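Peer 1: no FASTA, just this:
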């Protein structure tokens, strides 16, 4: 679901971003889901 929401907001994910999601813990996925609500850029979601 997080991947789908990120792609709807920011477009296709890079392989690097997809790898971060694929290896994320449940806590990280929850953080990414919260962060995407206010982020202006994809890297903001991942804390970059």
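Peer 2: Now that the structure is in, tell me what you want to look at. As the structure is a prediction and not an experimental result, all values here were calculated from the model.

Peer 1: This protein: helices as residue ranges?
Peer 2: Using DSSP state H, the helices of the chain run over 2-10, 15-22, 26-36, 42-45.

Peer 1: what's the most buried one of these?
Peer 2: helix 42-45 (a mean of 17; mean count of other C-beta atoms under 10 Å). Heads up, the C-betas are built off the backbone N, CA and C, glycines and all.

Peer 1: Just the residues contacting that one, thanks.
Peer 2: Residues outside helix 42-45 that contact it (C-beta atoms under 8 Å, 6 or more residues apart in numbering): 6, 10, 13, 17, 32, 35, 36, 39.

Peer 1: Could you tell me how far that helix lies from the centre of the chain?
Peer 2: 7 Å (C-alpha atoms, centre = their mean, to the nearest Å).

Peer 1: Is it possible to get JSON lines of the helices of the chain that adds mean pLDDT?
Peer 2: Converted to JSON lines, the helices of the chain look like this (pLDDT from 0 to 100):
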{"stretch": "helix 2-10", "mean pLDDT": "96"}
{"stretch": "helix 15-22", "mean pLDDT": "96"}
{"stretch": "helix 26-36", "mean pLDDT": "96"}
{"stretch": "helix 42-45", "mean pLDDT": "95"}
